[in-house]
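Enquirer: Whatever this is, show me its structure:
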Amino acid sequence: MVKPSKDKEIKMEQRDIEKFRKHMGLGKTMKIKNQDGTEDEFYFKPLGCQFLPDFMLLATLLDYSGSQKAELREMKNKVKVGKSTKEELDRKYDLFDDLNSQKMLEGNNATLIVSLVEEMVTNSYPELDDETKKAFILNNFSSLQTVLFELNEGAKSEVDDKVLKKIEQVKAARRNA
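Expert: Sure, this is the predicted structure:
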């Protein structure tokens, strides 16, 4: 372990640097089937930390709202005591997932998703020309969006309720401005 000293510049040893690398986000492979039945693999890197605020904003849209969480808790209790079925609870989850997914496709949210997907592709394949990149994204957007959220899902798990409330306040202020 490297200890700081007032008089000396801190020099990290290779094993210290490797500790950081072990805990960095790993990439994700996406496979696309070709017409002949073979598959092509693409390896995507997670977004850099500078994109975390944007991703956290999108993650709040996928997260259940307070009223949705309350309704789901109530339904779970009803299932426990036999006043509702697991199938009804599953349908409610699906409904809320659909509603929250629709929010993702509204105006600025959709633009933000596209720009984050584009950044992920650019970060992973910097040598790719713009025309090829844009055509690839257009033709594979759904799969790329899934990869984006899987790669960066740690951002969502780190968001606590206070941060979510603050983000909602900022979004409301933007809408009212």
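Enquirer: so residue 114 touches residue 137, yeah?
Expert: Yes. Contact status for residue 114 versus residue 137: in contact at 7.5 Å, counting by C-beta atoms under 8 Å. For the C-beta atoms, the positions are set from N, CA and C on the backbone; glycine is no exception.
Enquirer: Give the residues shared as contacts by the two.
Expert: The contact sets of residue 114 and residue 137 do not overlap (C-beta atoms under 8 Å, 6 or more residues apart in numbering).
Enquirer: tell me the contacts of residue 47?
Expert: Residues in contact with residue 47 (C-beta under 8 Å, 6+ apart) are 55, 116, 119, 120, 123, 148, 151, 152.
Enquirer: which two from these end up farthest apart in space?
Expert: Farthest pair in the contacts of residue 47 (C-beta to C-beta) is 55 and 123. Separation: 13.1 Å.
Enquirer: Looking at these two, which has the bigger crowd around it?
Expert: Applying other C-beta atoms under 10 Å to residue 55 and residue 123 shows that residue 55 carries more neighbours, namely 24 against 15.
Enquirer: Now the more buried one: phi and psi?
Expert: The phi/psi pair for residue 55 (degrees, to the nearest 10) reads phi -70, psi -40.
Enquirer: ok so residue 121 is a helix residue?
Expert: Yes. Assigned with DSSP: H, G, I helix; E, B strand; the rest coil, residue 121 falls within a helix.
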